[in-house]
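1. Requesting a structural model of the entry that follows:
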Amino acid sequence: MFKSDYAQLARPAILPDSSNRQGLPAFASVGDMLRSYEGDDAIFVLYPKKIAAAARTFLNGFPGKVLYAVKANPHPAVLKTLWTAGVRCFDVASTREVELVKTIAPSATLYFMHPVKSRAAIRHAYANGVRDFSFDCADELYKLLEETGYADDLNLHVRLALPKGEAAMPLSGKFGASREEAVDLLQAARPHVAMLGLTFHVGSQCMNMDDYGKALAWARAIVDEAGIAIDSIDCGGGFPVAYPGMPHKPISDYFAAIRKGLGEHGFDGVQVLGEPGRALCAEGGSTLARVELRKGGDLYLNDGSYGSLFDAAQCAWKYPVKLHRAAPREAGTAEPFRFFGPTCDSLDVMEGPFELPDDVCEGDWVEVCHLGAYGQALASKFNGFHTEITVAVMA
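-> The predicted structure follows:
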C-alpha cells in the first residue's frame with residue numbers, strides 16, 4: 001500500500017490499534033504520506049496531537065467530569081489518544097462500544113447514556129461494571145431495574161426533552177421526557193437508586209452558549225416540582241467546532257456559561273458531567289479523497305456521502321478543504337466547487353460550495369478537514385467503495 005522506501009520512514013504511531021496490535025503508519029506530513037501511497041482508495045487521517053490538545057482543553061476547563069462520546073469516532077487510535085491525554089470516562093451506546101472501550105482501556109469508567117437499550121445490552125453492561133444508565137420513560141426504568149436485579153448500586157439519569165434551542169442539528173425529536181414525565185420519573189426512580197441525576201442534550205453543534213443556561217433552568221424547575229434531591233447533572237454534548245459558516249464563541253466561554261448556570265440554578269453541590277464527542281475529535285481527523293474527474297465546477301471524488309461525507313451531503317455542512325497537488329504547479333485562484341462521490345447513486349452529492357484553486361485536476365487530492373467526528377464512523381461499503389486505510393500525521 002505504501003512504497004517500501006517510504007515505509008521505512010513511517011514509524012509505528014504511539015497509538016496501538018487494538019484490532020490488530022499494530023501501530024498506525026505515521027508521517028510527518030500529508031505530503032510525505034501521499035508521496036508514499038500506492039493504493040486506490042480514500043485515506044482517513046488522524047492528527048493525534050490535535051485530539052490530545054482538545055482533550056486537555058476540556059479536562060482543564062469543563063466544570064465537571066469529561067465523558068468522551070464514543071459514537072463520534074470509535075477508532076482504537078482515537079480512544080487510546082484520549083486515554084493517554086487523561087480522559088478516564090466514556091459515554092457508550094451499545095454492547096460493542098462497551099467491549100471496545102474495555103479492550104482499549106480496561107479501567108475506564110463507562111456511562112451507558114443511550115436512553116433506549118435492549119435487555120441483553122443492559123445485562124452485558126452491568127456484568128462489565130457499568131453502573132450509570134440513562135432513561136426517559138417508565139418502561140425503560142423498569143427494564144433497567146429488572147435486568148440488574150434491582151441492584152442497590154445503580155446510578156440512573158433521567159433524559160430530559162428541552163425546548164428548541166439554536167443548535168445546527170437539534171436533537172429533541174427522538175429522546176427525552178417532557179417536564180411532567182420527568183417529574184414522575186424522578187419520583188419513581190429515587191427509591192431504587194444509589195445516585196439519581198438529570199441529563200440533557202442541547203443539540204449537536206450548539207451555536208449559542210446560553211442554551212446551556214436555559215437547559216439548567218429547565219432542569220431546576222423540574223427538580224423543584226418533583227421535590228426530589230438529585231445527585232448529578234449531565235450537560236451532554238453539543239460543543240461546537242469551527243466549520244465554515246458556523247461562527248461561535250470560544251469554547252472557554254461555553255464552560256463559563258455552564259459554570260454560571262450551575263451556580264445560578266442551585267447545582268453547585270451536585271456531580272457535573274459532560275459528553276463531548278465532536279469537540280474532542282473533529283479537528284483531529286480528515287479524509288483525503290482523490291479527484292477522479294473534473295467537469296467544470298464539479299469534482300468527482302473517490303469518497304462521498306456513503307463514505308465519510310454524510311453530513312456534507314445530508315446536512316449540507318461546508319467543511320474546510322485543502323488541495324494537495326498530484327504534481328507541483330503554481331497555486332490558482334480560489335473557485336467554488338461541488339463534489340460528487342464515487343457511487344452510482346445520484347444522491348451522492350455534496351453541494352458545498354467548497355473553495356479550491358481553480359486549476360484543480362484529476363489526480364489531485366482534496367483533504368476534507370474537521371472530519372474526525374462522524375466521518376469515518378459513518379462510512380459504509382456501498383457499491384464496494386470504502387477504505388481500510390487510516391494513518392497518523394504527527395503535525
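2. residue closest to the middle of this structure?
-> For the chain, residue 72 is the residue whose C-alpha lies nearest the centre (Cα atoms, centre = their mean; 2.4 Å).
3. correct me, but that one touches residue 377?
-> Yes - using Cβ atoms under 8 Å as the test, residue 72 is close enough to residue 377 to be in contact (6.6 Å). The C-beta positions use only the backbone N, C-alpha and C, and glycine is treated the same way.
4. What mean pLDDT does the helix ranked longest in the chain get?
-> Taking DSSP state H as the criterion, the chain has its longest helix at helix 210-226. Mean per-residue pLDDT for helix 210-226: 96.
5. Ok, stretch 166-182 next?
-> Mean predicted lDDT for stretch 166-182 stands at 85.
6. ok, which stretches of the stretch 101-250 of the chain are helices?
-> Assigned by DSSP state H, counting those that start in this stretch, the helices in the stretch 101-250 of the chain fall at 119-127, 138-147, 179-189, 210-226.
7. Can you tell me which of the ones you listed is nearest to residue 273?
-> For those, the distance to residue 273 is smallest for helix 210-226, at 12.6 Å, taking Cβ to Cβ.
8. Which positions in that closest one come out as buried?
-> Residues 210-216, 218-220, 222-223, 226 are the ones in helix 210-226 that count as buried (16 or more other Cβ atoms under 10 Å).
9. Convert the C-alpha atoms of it to CSV, please.
-> Output of helix 210-226 as CSV, limited to C-alpha atoms (Å, rounded to 0.1, in the frame of the first residue of the first chain):
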residue,chain,number,x,y,z
ASP,A,210,-26.8,30.5,26.5
ASP,A,211,-28.7,27.3,25.6
TYR,A,212,-26.9,25.5,28.4
GLY,A,213,-28.0,28.0,31.0
LYS,A,214,-31.6,27.7,29.7
ALA,A,215,-31.4,23.9,29.9
LEU,A,216,-30.1,24.1,33.5
ALA,A,217,-33.0,26.5,34.4
TRP,A,218,-35.4,23.9,32.9
ALA,A,219,-33.8,21.2,34.9
ARG,A,220,-34.0,23.2,38.1
ALA,A,221,-37.8,23.8,37.6
ILE,A,222,-38.3,20.0,37.2
VAL,A,223,-36.3,19.2,40.3
ASP,A,224,-38.3,21.7,42.3
GLU,A,225,-41.6,20.4,41.1
ALA,A,226,-40.6,16.8,41.8
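10. what's in contact with stretch 334-350?
-> Stretch 334-350 is contacted from outside by 289, 292, 297-307, 309, 312-313, 351-358, 360, 366, 382-383, 385, using Cβ atoms under 8 Å, 6 or more residues apart in numbering.
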